Structure formats: structure tokens, C-alpha cells
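Enquirer: Just to be clear, the model below is a prediction. Sequence and coordinates:
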Amino acid sequence: MDEDADDLDDEFEPFDLPTAEQRKAGTIENPQEVYSRMRACAMVLSNFKKYAQEGRARSEYIEQIIADIANYYGYNEFLTEKLFHIFPVAEAIEFFEANEVPRPVTIRTNTLRTRRRDLAQALINRGVNLEPIGKWTNVGLQVFESSVPIGATPEYLAGHYMLQAASSFLPVIALSPQPNERILDMASAPGGKTTYISALLQNTGLVFANDANKARTKSLTANVHRLGCKNVVVCNYDGREFPKVMGGFDRVLLDAPCSGTGVISKDASVKSERDFTLLSHLQKQLILCAIDSVDSHSKTGGIVVYSTCSVTVDENEAVVDYALRKRPNVKLLPTGLEFGKEGFTRYRGKVFNEKVSLTRRFYPHVHNMDGFFVAKFKVMPRTKGQEKAMEKEEERKKGKGKGGEDADMDEGNDEVKFDDEADKDIIVDGLRKAKKAKGYRVFPKKTEEQPSKSPSKETTEKS
Ligand SMILES: C[S@@+](CC[C@H](N)C(=O)[O-])C[C@H]1O[C@@H](n2cnc3c(N)ncnc32)[C@H](O)[C@@H]1O
């Protein structure tokens, strides 16, 4: 036995694992007890043979630790399970811990108005304690302390900087806009990334800053003006209307609407309410529209960057893998980012394209920034064979109606829209999961599908 294992022995306090019945009885426990048991379960799971109680299964410890994490940190069990399985056990606890701690306050220098050194000096003179974020960015500053509100200094009002999470720089760095290009930021409000793109273009070219939410385009427009971006056009379409409304872009950024599981430290409401199935569905539709909006003959670009501030596989690798399957004329490129963990190519029985490892994941407990995901695609002209294969696939689907793995999507080239009939199962499934997460008793699918006199009561009875 090595020394580390000896240390673990000293730490480990044997405990009685509650039975499933005891857990369901749900007695209110002292948080300290829950915390200790959570740690102890993690140790058992790290060396099951050695620490497990006789006759108890690994799955029982997993159920217990998930229940304890949910209880201690205040998540619903559905989301806890989803997040727990992304990491090895000990790392999962680090992730949940990190979500309880705020991330550093960071700002991005607006190079359309000033230089980082000048900005830093001006803020230091006002009593702000700051430092460059890291070597990977030449515009970011981390604020440690400030005697003035950092969102209301004269420099802020004059547009010398944007208050922006460090993770938010990443997709724009990956996008790597080139002067004079025509760029679409498909889901852009309130404009943190749009204004960065505009600055990297040095106010040349054109950035279409789109957002489906009209109210949010107000803050987008305000930021565009404050930061002096003269190459930005704000528009208000559902992203799924592209490329019908406009296409032929050199680069497209899709910073997709997501569950926000990477920013729980900022928004604790993520712990309880999110519909992952519907989100993933929307993301898949949007990514195809983003790809189809690119000019595959662009001399300087032909690039799509997909990003989310979420760490779930459904919203990230699964969406990227879907895009690779549906658009044979795209390939993944390295993101060009200096750090980040590789995207998953396998996850809980799902196998993705091996190139998905080129995508990058960022975590609060590893990188001390919000959880984030970035993928970079190159869009190439379609070969005749690919055109034919896609037409054939369209025909097949038309003939076949619904059915098959991707039948939930209508991914025609001109228009990507919801197909309500084909989406029915997905929506019902999503609603069942949401009800379960809220603590309602949800009957097995079979019961729901059977005709019933009062289906709504049957599926929403509180347990
Ligand atoms: C992650 S936020 C974007 C943040 C923004 N890129 C930034 O850096 O400031 C996602 C945005 O997607 C928008 N959105 C949601 N559904 C959309 C859709 N179908 N088409 C376009 N935008 C959508 C939301 O209104 C929200 O502003």
C-alpha cells in the first residue's frame, strides 16, 4: 500500500449507508452530516473494494452521493446527476464547490478607444487594484479591489472597457475575425462578444449583431454606441431565419442560448429549472443555420464558432456531432486557444466523431473562470456527391415521415423550423423530466400514453 492510501485511511470515517427507503423517507439532516457523508461516499467510490460496506452496491453509493450533493448545494437531483457524471467523483465535488464561489471580476479593454496599459493606469489612479488576466489575452484585466464602482467610472462611461467574464473572450479569440470581413453574431445581446469582434476588425468590415429578444437588443445597442463600434448593424430575427434573411458571411459566431450550467456561481436559479431537451433541440437547429449562413468560398474565412456557457454534453459535444453528421461539408478545426480540456468523444454510452476532441471545455474549478465550451468549424464548398447525398436524405425523410434518430429536426437548407408533430415525443419527454425535477411524481411513459380520463392529474401528482 502506498503512502497516499495510508493518508486516506486516516481520513476515512466508516458510516452507515442509508437504504433506499431511508433516503426516500427524506428526514431533514444537519448539513454538516450531509457534507461528511458526501465526502465519505466519494472516498468509498474512489476505492470501492476497500471502503464499501459489505453487501452494498456501487450504484447505492452513487445514488446517495447525488442525493447529498443535491441536498447540500441546493440543486434538483436531475441536474445534479447530469453534472455529476461529467467528472470523476472527486472532481465532481470540486466542480460543485467552485460553483459556490464567485469568479474574479474581469474587464476587457476596448482597443477602439484606448490601450490596456493606459486603461490600467487610469483605473489604478482611481484606486482600482488590478492585473492582466493572463498571457493568453492582451486586452483582459482582473480587478481585485476597487474603491469605486467598476461599472460606473468615467472610463467605463466613455467606453474604454467592457465588464466581461474572461471565458467570454474565448469564442471571439477562436473566431479570429480579419479586417474587412462580414461577420454574423447570431445570438449577440448584450453585445460583449459583438463589441470585441468589432474591435478586432478595427471598425472595418461589418458585424451583424442579431438577437431574437427585442428587449435585449436595447442593451446591445447601448453597448455598441458606448464602445464606439461603427461597423455594427443590430438586427432582431430568430436565428433560425438565417440564411433566409441574409447569408454569405465570412464568419459566424453562434454563442448559443443555453442552460447556463457554467455560470451557476452568478445565477443560482440554474440549479433548479432548465429544460435541456428543448435547449439542445434549439441549439441543433441554430447550428445548422449558422453553418448555412457562411460563404463557403470566403477567401479569408468560412468559419463558424459555436459556444455555450454550459458544461452539459447534450448542449455541446452532442450538438457539434450532430452538425458534423448533418453537414458533410464542415470539419472541426483546433480552436487556437492555449488551454482548456478536450471535448468528449464518448459519454455515457454515446460515441461522437473522434474530431470532437478538438473542441474545448473550460471549468470553474480548473481554470477559475465560468464553465464554457468552444468549437470551431471550417465550412467548405459542397461537392456534387455531398449535394446529392443531402438531397437524397431530404427525399428519404419526406417519404419516410418521422422516425429515426434525427427525425425531430427539419434541417432543409433554406429553412430550419420546428416540426411540431415530430417534436411531440421530445417535448413530452422534456416536460416529464421537468416535472420530475420539480418533485412531481411522474408515471412511467407507458401509463402516460394510455388513454386516461384525467391525464394531467395523473402526470402531475405531487409525491
Ligand atoms: C448566451 S446569450 C448571448 C450573449 C452574447 N453573445 C454576449 O456575448 O453578450 C444567448 C442569447 O441568445 C438569444 N436567443 C435565444 N433564442 C434565440 C434564437 N432562436 N435566435 C437568436 N437568438 C436567440 C437570447 O436572447 C440571448 O441574448
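Expert: Received it, and whenever you're ready, just let me know what you need. Numbering: from 1, shown residues only.

Enquirer: residue contacts, the residue in the stretch 301-450 of the chain that the ligand sits nearest to?
Expert: Closest residue of the stretch 301-450 of the chain to the ligand, C-beta to the nearest ligand atom: residue 309 (6.1 Å). Yep, even glycine has a C-beta here, placed from its N, CA and C like the rest. By C-beta atoms under 8 Å, 6 or more residues apart in numbering, residue 309 lies in contact with 167-168, 258, 260, 262-263, 370-372.

Enquirer: among those residues, which are in reach of the ligand?
Expert: Among the contacts of residue 309, the residues within reach of the ligand (C-beta under 6 Å from any ligand atom) are residue 168.

Enquirer: Buried ones only from the contacts of residue 309, please, as a ChimeraX command.
Expert: Restricted to buried positions by 16 or more other C-beta atoms under 10 Å, the ChimeraX selection for the contacts of residue 309 reads:
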select :167,168,258,260,262,263,370,371,372
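
Enquirer: Output the contacts of residue 309 in JSON lines; the columns should cover secondary structure and pLDDT.
Expert: What follows is the contacts of residue 309, written out as JSON lines (DSSP: H, G, I helix; E, B strand; the rest coil; pLDDT from 0 to 100):
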{"residue": "167", "secondary structure": "helix", "pLDDT": "98"}
{"residue": "168", "secondary structure": "helix", "pLDDT": "98"}
{"residue": "258", "secondary structure": "coil", "pLDDT": "96"}
{"residue": "260", "secondary structure": "coil", "pLDDT": "95"}
{"residue": "262", "secondary structure": "coil", "pLDDT": "97"}
{"residue": "263", "secondary structure": "coil", "pLDDT": "96"}
{"residue": "370", "secondary structure": "coil", "pLDDT": "97"}
{"residue": "371", "secondary structure": "coil", "pLDDT": "98"}
{"residue": "372", "secondary structure": "strand", "pLDDT": "98"}
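
Enquirer: ok, the contacts of residue 309 vs residue 158, which is closest?
Expert: Among these, residue 168 lies closest to residue 158 (C-beta to C-beta), at 21.1 Å.

Enquirer: Would you pull up how far stretch 152-171 lies from the middle of the chain?
Expert: Counting by C-alpha atoms, centre = their mean, to the nearest Å, stretch 152-171 is centred 21 Å from the centre of its parent chain.

Enquirer: Output the lowest mean pLDDT helix or strand found in the chain.
Expert: Of all helical and strand segments in the chain, the minimum by mean pLDDT, DSSP states H and E falls on helix 455-460, at a mean of 29.

Enquirer: residues touching residue 197, list them.
Expert: With contact taken as C-beta under 8 Å, 6+ apart, residue 197 is in contact with 172, 175, 177, 183, 185, 207, 253.

Enquirer: can you map out the helices along the stretch 51-200 of the chain?
Expert: 58-73, 77-84, 89-98, 116-125, 154-157, 170-175, 192-200 (DSSP state H, counting those that start in this stretch).
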